[in-house]
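S.K.: please work out how this folds:
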Amino acid sequence: MKKTKLLLLVFAVLLVLGACSGADTKKQETEYVSLLIENIGTVGYTSLQSLNRAEHAYASLTDEQKKDVENHSILSDARRAYDELTSVPKKGRIDRKKFQIGAYCYRESLWNDTDMQKFADAGCSLITGAPYNKTLLALCQKYGVGTFVHSLYYSADRTIEVIDEKFATYEDHPAIWGMDLIDEPHASQ
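M.R.: Numbering: from 1, shown residues only. Purely as a prediction, here's the structure:
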């Protein structure tokens with residue numbers, strides 16, 4: 001008798017869940033996406049994860065469900081704002097409208113997508129004393145980070161002519177925002 005009652009109870013629960021699952025689930029999915037969009041908040045350097053999560057969830061909705069997401073324009077605006085905030089200025093120029101935060105001599109072991117993404121998500125936008133390296137520059141460009149490329153580290157003949165010759169060998173790149181001429185020059189320099 002107990003088994004029968006338990007089976008009837010399980011069957012009743014399954015019937016109720018089955019009846020509610022169709023329309024209610026679609027509505028819950030839509031509400032969840034709207035909540036994710038709402039939670040993006042003010043766009044900043046650390047907004048990428050919540051922005052990606054909301055975009056992915058929105059993309060997984062059906063076309064019919066997407067029509068019910070009333071705050072979709074906020075998602076589009078947030079993506080545009082984030083892309084503008086993190087974009088590398090054209091022609092290798094620093095965006096003087098924002099305060100640049102960065103690092104000196106970014107280690108080669110960090111030249112990968114995961115670490116550069118973390119660097120950018122932490123609000124860093126500049127590397128000074130960076131070597132002229134196409135792999136590093138491509139990563140910087142991808143994540144909206146600029147560089148001040150160094151000329152020569154430890155050279156006794158660091159005259160302006162020698163530095164000019166060195167910089168002349170560098171190809172122009174959008175992630176190069178400037179040149180780091182001399183690190184801790186001696187008073188005689």
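
S.K.: kindly report the domain assignment for the chain.
M.R.: 2-86, 91-180 (automatic domain parsing).

S.K.: give me whichever of the ones you listed is most buried.
M.R.: Stretch with highest mean neighbour count among the domains of the chain: domain 91-180 (a mean of 15; mean count of other Cβ atoms under 10 Å). Bear in mind the C-beta positions are built from the backbone N, C-alpha and C, glycine included.

S.K.: got TSV for the domains of the chain, with mean pLDDT too?
M.R.: Putting the domains of the chain into TSV (pLDDT from 0 to 100) gives the following:
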stretch	mean pLDDT
domain 2-86	78
domain 91-180	78
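
S.K.: right, and the helix or strand after the host helix or strand of Tyr82?
M.R.: Using DSSP states H and E, the element containing Tyr82 is helix 72-86. Next helix or strand after helix 72-86 toward the C-terminus (DSSP H and E): strand 102-104.

S.K.: how near is the residue nearest the centre of the chain to Gly123?
M.R.: When the chain is reduced to its mean C-alpha position, the nearest residue by Cα atoms, centre = their mean turns out to be Leu48, at 5.0 Å. The gap separating Leu48 from Gly123 is 11 Å, by Cβ to Cβ, to the nearest Å.

S.K.: now do the same end-to-end measure for stretch 107-116.
M.R.: 11 Å (Cα to Cα, to the nearest Å).

S.K.: contacts for it?
M.R.: Applying Cβ atoms under 8 Å, 6 or more residues apart in numbering, the contact partners of stretch 107-116 are Phe119, Asn133, Thr135, Leu136, Leu139, Cys140, Lys142, Tyr143, Val145.
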